[in-house]
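> Based on what follows, work out the 3D shape:
(one chain, ligands or ions: 1)
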Amino acid sequence: MNIIDFENINVGYDEKIILKDVNLKIKEKEHWAILGANGSGKSTLMKLIQSEIHPRKTNEYKKEILGKATYSIFELRKELGIITNDLHNYFAREAGYLNGFEVVLSGHYSSVGIFTHQDFTKEQIIKAKEVLEFLEIVDLKDKKVAEMSTGQLRKCIVGRALIHNPKAFILDEPTVGLDIKAQINFIKMLKKLSLTSSIILVTHHLEEIFEEIKNIALIHNNTIYKSGKKEEILTNENLSEIFDTKLSIGEKNGRYFVEEIL
Ligand SMILES: Nc1ncnc2c1ncn2[C@@H]1O[C@H](COP(=O)(O)OP(=O)(O)OP(=O)(O)O)[C@@H](O)[C@H]1O
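Numbering: from 1, shown residues only. Here you go, the predicted model:
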């Protein structure tokens, strides 16, 4: 099954088309990075995936997620773990009173917070505890969101999505605000998740593309400029083009990095 199957999609805001002729196919169990410069349209692509914005109806297109052209947003949220900075900021702003366990538990209802009308079964509570253990964040169980670091809250939000064992995690710049140690730690957690779910990582940091990610889509010139196998896409030429900076990249043990800015 395809997680994402997009053909000939044009999408934007009001009168303005931001991404045109989007073609992207991501199969189950594949791991992808979506790379692009600031303002290239990465978040716009995320909004398209989440159905916050919709394709222009002026041409024929295909937009299927998990093999379906129509779906309820509630079901989609269960099957795709979508982690955005908007969601993070919402929790940070509105849910400072929740502890780590409650953030994870709230995944059962995809709600922000725990409400008195929500009943949790024994199994649901056990599942939330298992998620905390799996992500190695049991120490955050009683810690309030208001007192968590950015990295700690981000992990709890991933845990909230993991409640449903989603087929894919789609993460929009998930290491924003994390220091080097927290960033490495977070990527380590993504590698663990990649054993059971597809990872679709939206980023502009080359060094975050971990070994298991074998496929890359580059966003540039208002479209998916190139997509395919990592070795073919991550070239000096392509990256210099999309970041509008002449650079050379290096590779060591399947990890890529910017070697030199020329
Ligand atoms: N709500 C909106 N209304 C109108 N234009 C928007 C809106 N959101 C984004 N844009 C425009 O769409 C373009 C792509 O923005 P987008 O946020 O998708 O880029 P991005 O690749 O995620 O950038 P960054 O790396 O800086 O987060 C930009 O020109 C931006 O100004």
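> Tell me how far the closest residue to residue 26 other than its chain neighbours lies from residue 112.
In space, and not counting its chain neighbours, residue 26 is closest to residue 4: 4.3 Å by CB to CB, 6 or more residues apart in numbering. Yep, even glycine has a C-beta here, placed from its N, CA and C like the rest. Residue 4 is 26 Å from residue 112, where distance means CB to CB, to the nearest Å.
> Likewise for residue 254?
37 Å.
> between these two, which one's more packed in?
residue 112 (16 against 13; other CB atoms under 10 Å).
> Just the pLDDT for residue 262.
pLDDT for residue 262: 81.
> again but with residue 158, I slipped
95.
> residue ranges with poor pLDDT in this protein?
In the predicted model, the chain carries pLDDT under 70 at residues 113-117.
> Kindly recompute the last result at 80.
Scanning the chain for pLDDT under 80 picks out 73-74, 77, 110-118.
> Quick check, central residue of it?
Nearest to the mean C-alpha position of the chain, counting by CA atoms, centre = their mean, stands residue 171 at 1.2 Å.
> Excluding sequence neighbours, find me the nearest residue to it.
Among residues not flanking residue 171 along the chain, residue 83 sits closest, at 4.5 Å (CB to CB, 6+ apart).
> Report how many residues lie close to that neighbour.
23.
> my read: it touches residue 172, true?
Yes - Residue 83 lies in contact with residue 172 (CB atoms under 8 Å); the separation is 6.9 Å.
> which parts of the protein sit against the ligand?
For the chain, the residues in contact with the ligand (CB under 6 Å from any ligand atom) are 13, 18, 36, 38, 39, 40, 41, 42, 43, 44, 204.
> how about the strands in the stretch 1-150 of the chain?
2-13, 16-27, 32-36, 62-65, 80-83 (DSSP state E, counting those that start in this stretch).
> What residues does the residue of the stretch 101-250 of the chain found nearest the ligand make contact with?
Using CB to the nearest ligand atom, residue 204 is the residue of the stretch 101-250 of the chain that sits closest to the ligand, at 5.7 Å. Residue 204 makes contacts with 35, 36, 37, 38, 42, 173, 243, as judged by CB atoms under 8 Å, 6 or more residues apart in numbering.
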